[in-house]
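> after the sequence you'll find the predicted model.
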Amino acid sequence: MSPDVVSIIRDIAIIVMAVMVAVAALALTVVTLNIYPKIKRAATNFEASSCLMLDTAARISGLVSAGSEVGAFIWDLVTRLRSRGDDKSEDGNNPSN
């Protein structure tokens, strides 16, 4: 490829990434502005604030435990597939069959 084509592709990639960052920043700003009144109201009421924190912590721990269960399931599945593959290769190498 000629250096001109590479520089054009690089420039286009930089522009696309800049647009993506700008869109992400705009989305984050909109979400923050929508959530801010709820957070402010919850902070003035300690009970609501503590319930919000407890709910958030419970959801996060639930996601973590679900992720670890999925990881354990996938690990078990991979282990079973590996052992099945090892059993098949051992059967093929056994001359007594």
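Yep, it's here.
> just say helix, strand or coil for the residue positioned nearest the centre of the chain.
The chain has residue 67 as the residue nearest its centroid, 10.3 Å off, counting by C-alpha atoms, centre = their mean. For residue 67, the assignment made with DSSP: H, G, I helix; E, B strand; the rest coil gives helix.
> now the helix or strand containing residue 77: mean pLDDT?
Using DSSP states H and E, residue 77 falls within helix 46-93. If you average the pLDDT over helix 46-93, you get 81.
> so how far is that helix from its chain's centroid?
14 Å (C-alpha atoms, centre = their mean, to the nearest Å).
> same check on stretch 29-40?
Centroid displacement of stretch 29-40 relative to its chain, using C-alpha atoms, centre = their mean, is 23 Å.
> list the buried residues for it?
Applying a neighbour-count criterion of 16 or more other C-beta atoms under 10 Å, one finds nothing buried in stretch 29-40. To be clear about C-beta, it is placed using only N, CA and C from the backbone, and glycine gets the same treatment.
> for that stretch, output the C-alpha coordinates as PDB.
The C-alpha trace of stretch 29-40 is given here as PDB (Å, rounded to 0.1, in the frame of the first residue of the first chain):
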ATOM      1  CA  THR A  29     -24.000  13.600  30.000                       C
ATOM      2  CA  VAL A  30     -27.700  12.900  29.100                       C
ATOM      3  CA  VAL A  31     -27.800   9.900  31.500                       C
ATOM      4  CA  THR A  32     -26.200  11.900  34.300                       C
ATOM      5  CA  LEU A  33     -28.600  14.800  33.900                       C
ATOM      6  CA  ASN A  34     -31.500  12.400  33.900                       C
ATOM      7  CA  ILE A  35     -30.300  10.600  37.000                       C
ATOM      8  CA  TYR A  36     -29.100  13.600  39.000                       C
ATOM      9  CA  PRO A  37     -32.500  14.700  40.400                       C
ATOM     10  CA  LYS A  38     -33.200  11.200  41.700                       C
ATOM     11  CA  ILE A  39     -29.800  11.000  43.300                       C
ATOM     12  CA  LYS A  40     -30.200  14.400  44.900                       C
END
